[in-house]
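> show me the folded form of this:
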Amino acid sequence: MRNEDAEQRAPLPEPRFVPSTGDVRVATYDLGGTGGDVLMVHATGFCAGVWTATAHHLDGVGRLAALDVRGHGRSSTPAGGMDWHGTADDVLAAVDALGLERPFGVGHSMGGASLLLAEQARPGTFRGLWLFEPIVFPPLDLDGEPPNPLAEGARRRRTTFASADDAYANFASKPPLSELHPAALAAYVEHGFEELDDGSLRLRCEPEVEAQTYEMGMRHDAFARLGEVRCPVTVLRGRVDRPGPASVAPLVAEALPAGVLEDHPELGHFGPLEDPAAMAASIRSAVTAAP
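Next comes the predicted model:
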């Protein structure tokens, strides 16, 4: 990995572990800053550390914080599976433990859905939300559905690499992670893997945990309860090239009492990790506009 990739990232402090439901220990991170609180929640398979590339461009926005949801990063894995209401519990545990006062929530994909579920569980927790392609779909009949292709792919995930350079080169050479900004990809390699004594890396988010997370993404009730979310919400989407969260994003924004849709056709589903600077500018605008 290149030295300049590290220079384009904010530092990630050592985690503070806090209890959540299901006997889970959640890793939380206070990234510093002054002003209103901002809590960032990552997508499936990633971790808090990937937000450091975005946080690099958020000086002056407020006090930044992040967490590894259950089963991801340094957080522990629940015995009862990856129900997304549990990831919402992790969000609320981080809010409480870090003493965040009506924070502004920033979420990507699963992280966006987790923020909505948290606000629905405890109305008034957030003063505003910024959500890039949250995984929130209208109710579907899932009986008889074929296997989830994302889950099947996750179960085949490679879990070890000889070195950080080996991992970075592997991901940078092929989609989908080749779409990531170099600083975001470097952050994923650094924080999404555990370095072993021999210098090799082992993936922190186990393939089965990632697969279960994908499988549970259609089995929560956030869409049916969007009308309960009263704070302002910016719903962002990338290009619409297939059915999925980008195509559903307008329905999510429309169902929210104070929802606004923001289009970014130049980006894909990994938008916050593809262009951290542009996404930071959007976050800054949303935070500034929130009451």
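> need the contact list for residue 68.
15, 26, 27, 42, 47, 48, 74, 75 (Cβ atoms under 8 Å, 6 or more residues apart in numbering). Placement of C-beta: from N, CA and C, glycine included.
> what's the distance between the residue lying closest to the last one once chain neighbours are set aside and residue 94?
Okay, so that is residue 75. Of all residues not flanking residue 75 in the chain, residue 68 sits nearest, at 4.2 Å (Cβ to Cβ, 6 or more residues apart in numbering). Going from residue 68 to residue 94 by Cβ to Cβ, to the nearest Å gives 10 Å.
> can you pull the contacts of the spatially most central residue of the chain?
A centroid search over the chain (Cα atoms, centre = their mean) returns residue 42, at 1.5 Å, as the residue closest to the centre. Contact partners of residue 42, counting by Cβ under 8 Å, 6+ apart, are 48, 50, 51, 66, 68, 69, 72, 73, 108, 110, 111.
> mind telling me what element the fourth one is part of?
Element membership for residue 66 (DSSP states H and E) is strand 63-68.
> now that strand: average pLDDT?
Averaged across strand 63-68, the pLDDT comes to 98.
> distance between whichever helix or strand comes after that strand and the chain's centre?
Next along the chain after strand 63-68, taking DSSP H and E as the criterion, comes helix 84-97. Centroid separation for helix 84-97 versus its chain: 13 Å, with Cα atoms, centre = their mean, to the nearest Å.
> show me the helices in this protein, by range?
Here the chain has its helices, by DSSP state H, at 3-7, 52-55, 84-97, 110-121, 149-155, 164-172, 182-191, 207-216, 245-255, 271-274, 276-289.
> model confidence score at the residue nearest to the centre of the chain, please.
Looking at residue 42, its pLDDT stands at 98.
> for it, give its distance to residue 114.
9 Å.
> between the two, which contacts overlap?
residue 69.
> where does the chain dip in pLDDT?
Scanning the chain for pLDDT under 70 picks out 1-4, 6, 141-145.
> which residue of it lies farthest from its centroid?
Farthest-from-centroid check, the chain (Cα atoms, centre = their mean): residue 198, 30.1 Å.
> hang on, the earlier thing: between the helices of the chain, which gets nearest to residue 62?
helix 276-289 (6.5 Å; Cβ to Cβ).
> what about that closest one, distance to the chain center?
From the chain centre to the centre of helix 276-289 is a distance of 16 Å (Cα atoms, centre = their mean).
> which strands or helices does that helix pack on?
Packed against helix 276-289 by the contact rule (3 or more Cβ pairs under 8 Å, 6 or more residues apart in numbering; DSSP states H and E) you find helix 52-55, strand 104-108, strand 128-132, strand 233-237.
> mind checking those for the one nearest to residue 262?
Among the helices and strands packed on helix 276-289, strand 233-237 sits nearest to residue 262 (Cβ to Cβ), with 4.6 Å.
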